[in-house]
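Novice: here is my input; please provide its structure:
(one chain, ligands or ions: 1)
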Amino acid sequence: MKRVIYPGTFDPVTFGHLDIAKRASKLFDEVIFVVAVNPAKTSFFTTEERVDLIKAVAIDIPNIEVTSTKNLIADFAHEVSAIALIRGLRHVSDFEYEFQMAMMNYHLNPEVSTILLIPDEKYIHLNSTVIKDIVRLNGDVSDYVPALVLDAIRRKQNS
Ligand code: ADP
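Specialist: Now for the predicted structure:
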């Protein structure tokens, strides 16, 4: 049973995140989306909202679980017996940060490999912050986030 985790902020989940998760789901037996709780970072959606949105949009991927953690990702990986953590790599500019995180995670838990996956080129320029900004200005992001996520952003921005 090869289980991996896919940690991130997912504020909110986009088609870019789902592209990575689907690729991982074909390579491994189980993929756990983990919303990493970072009290130092102000998020737009609460942890529960982010988990619920991922659950709703990943429902058609059979071997995906969704949860959150307040712990170190390296410790969480150990708790759930994951063999690797998945991260997405868009530009070369992501590389430096991901490399640094991978080195730190090897220090914290040498047993858990870091696997960097590249998304479809449609999603290379995509991140959650840009999506929220475009929705605020009534731009069309329907190619980048599921309709359910788009509705949730609109509702939250108008509340
Ligand atoms: P974090 O704050 O942990 O970087 P994100 O939610 O922004 O959290 O991203 C989680 C992971 O998904 C990261 O590895 C990030 O590089 C990757 N990712 C984010 N957006 C995309 C995208 N459009 N395509 C592929 N991977 C992505």
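
Novice: and stretch 104-118, how far out from the chain middle?
Specialist: Distance of stretch 104-118 from its chain centroid, counting by C-alpha atoms, centre = their mean, to the nearest Å, is 16 Å.

Novice: cool, and stretch 80-94?
Specialist: Averaging C-alpha positions (C-alpha atoms, centre = their mean) puts stretch 80-94 9 Å from its chain's average.

Novice: and stretch 65-74, by the same measure?
Specialist: Worked out by C-alpha atoms, centre = their mean, stretch 65-74 lies 11 Å from the chain centre.

Novice: of all the residues in that stretch, which ones are buried?
Specialist: Buried positions in stretch 65-74, judged by neighbour count with 16 or more other C-beta atoms under 10 Å: 66, 68-69, 73-74. From N, CA and C alone the C-beta is placed, and that goes for glycine too.

Novice: cool, stretch 80-87 as well?
Specialist: Within stretch 80-87, the residues scored as buried using 16+ other C-beta under 10 Å are 82-87.

Novice: restrict these to contacts with the ligand.
Specialist: On the criterion C-beta under 6 Å from any ligand atom, Arg87 are the entries of the buried residues of stretch 80-87 that sit beside the ligand.

Novice: so of the buried residues of stretch 65-74, which ones are in strands?
Specialist: Using DSSP state E to define strands, the subset of these located there is 66, 68-69.

Novice: and Leu18, what does it touch?
Specialist: Taking C-beta atoms under 8 Å, 6 or more residues apart in numbering as the contact definition, Leu18 lies against 57-58, 146.

Novice: list buried residues within these.
Specialist: 57-58, 146.

Novice: coming back round to it: which one of the contacts of Leu18 is nearest Val4?
Specialist: Each of the contacts of Leu18 was checked against Val4 using C-beta to C-beta; the closest is Ala58, at 14.4 Å.
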